[in-house]
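Colleague: Based on what follows, work out the 3D shape:
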Amino acid sequence: MTLRVGLLVGMEWSFPPKFIEEVNRRDEGVVAEYVMLGGTRMDEPAEYAVIIDRISHEVPYYRSFLKYALLQGTKIVNNPFMWSADDKFFESALATKLGVAHPKTMVLPNHSYIPGIDHHKSLRNLKYPFDWEGVVEYVGLPCVLKDAHGGGWRDVYVCHSIDELISSYNETGLMTMIAQEFIEWTHYVRCLCLGQEQVLPMRYDPGTRRYIVDHAHLSAEMGARIVEDSLKLVRALDYDMNSVEWAIADGVPYAIDFMNPAPDMDINSLTPHYFDWVVGEMATMAIKMAKSHDRQVEKTRWHQFFGGQ
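Modeller: So this is what the prediction gives:
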């Protein structure tokens, strides 16, 4: 019987066709194709052994479908129940729980609320006035203010004073923000992590958002620590596809951002060298998962994930 791997995608153009071509080229009894949806009944059988999800964070119907498909026995990359827990304060607390170095982080009350929120009745559990001095005492200055649910380096402010922090916060509207210790890094690394086994540490320039092909940018000791800590994080999150960012300062790698369950896989940013690695490893992972009898639905009790084992 031919096993099917489905791919859910958004605007990306380079990875999807190459991934499908690579899986099908191997002729291992597994066929990859784009998932096609037109509404989902509550009793439909599972059509796919595996679905690779690159876009459900922006298309709510896809997320509903994926949670249903998981219950029907499909392996979803990434687990949609865990992906729904994605926020930068949770990742900070999880890193600390796992013993992974992470900047001091504090989640803040929202600046603004939807019209139905009555500030005098609905927000009775919030303390006023807000203790900005306490925030700065905890995270220090400069600090980073960013959207707890954001990505792509959007809505990120580097603040050098309390006044600058408050002014930036006043621009955040309905977003839930975190204040975070600023790490004066000397080296920056982004790892692509696949299948909770493969970790590719790449030199990365956050300013230009470019990967730099450099096979000797880490010492053996630092490379081993980054790989080990990356695996701790993705295994705790049950993410089979993720990118983990590390800011290295004074010989310590700090996990800056590691809940990226639809990581950048574009050939122009990855460079052809790393792009080929990603396509090949993603195909290998998908084929292996399609042939496996492991049932993801049996692992949906979240407390089992957080040991990082």
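
Colleague: What segments of the protein are helices?
Modeller: Using DSSP state H, the helices of the chain run over 15-25, 60-71, 80-83, 88-98, 132-139, 162-169, 220-237, 267-291.

Colleague: which of those helices sits most buried?
Modeller: Of all these, helix 80-83 has the most neighbours on average by mean count of other C-beta atoms under 10 Å, namely a mean of 21. For glycine as for every other residue, the C-beta is placed from the backbone atoms N, C-alpha and C.

Colleague: and that one, what's its mean pLDDT?
Modeller: With pLDDT averaged residue by residue, helix 80-83 scores 87.

Colleague: And for residue 34, nearest residue in space, chain neighbours not counted?
Modeller: Once flanking residues are discounted, residue 34 sits nearest to residue 7: 5.5 Å by C-beta to C-beta, 6 or more residues apart in numbering.

Colleague: So the one you found is in contact with residue 19, correct?
Modeller: Yes: taking C-beta atoms under 8 Å as the definition, residue 7 is a contact partner of residue 19 at 6.6 Å.

Colleague: Could you measure from the residue nearest to residue 14 when sequence neighbours are not counted over to residue 93?
Modeller: The shortest distance from residue 14 to any non-neighbouring residue, by C-beta to C-beta, 6+ apart, is to residue 267 (4.1 Å). In this view, residue 267 and residue 93 are 35 Å apart by C-beta to C-beta, to the nearest Å.

Colleague: try residue 283
Modeller: 34 Å.

Colleague: Equivalent analysis for residue 33, please.
Modeller: Residue 33 is 39 Å from residue 93, by C-beta to C-beta.

Colleague: Kindly report the same for residue 238.
Modeller: According to C-beta to C-beta, residue 238 stands 17 Å off from residue 93.

Colleague: Residue 127 now?
Modeller: Plainly put, residue 127 is 21 Å away from residue 93 if you go by C-beta to C-beta.

Colleague: Can you give the distance of the lowest-mean-pLDDT helix or strand in the chain from its chain's centre?
Modeller: Ranking every helix and strand in the chain by mean pLDDT, DSSP states H and E puts helix 80-83 at the bottom, with a mean of 87. When distances are taken as C-alpha atoms, centre = their mean, to the nearest Å, helix 80-83 is centred 11 Å away from the chain's centroid.

Colleague: Packing partners of that helix?
Modeller: helix 60-71 (3 or more C-beta pairs under 8 Å, 6 or more residues apart in numbering; DSSP states H and E).

Colleague: Could you give the separation of the helix it packs on from the chain centroid?
Modeller: Centre-to-centre, helix 60-71 and its host chain are 18 Å apart (C-alpha atoms, centre = their mean).
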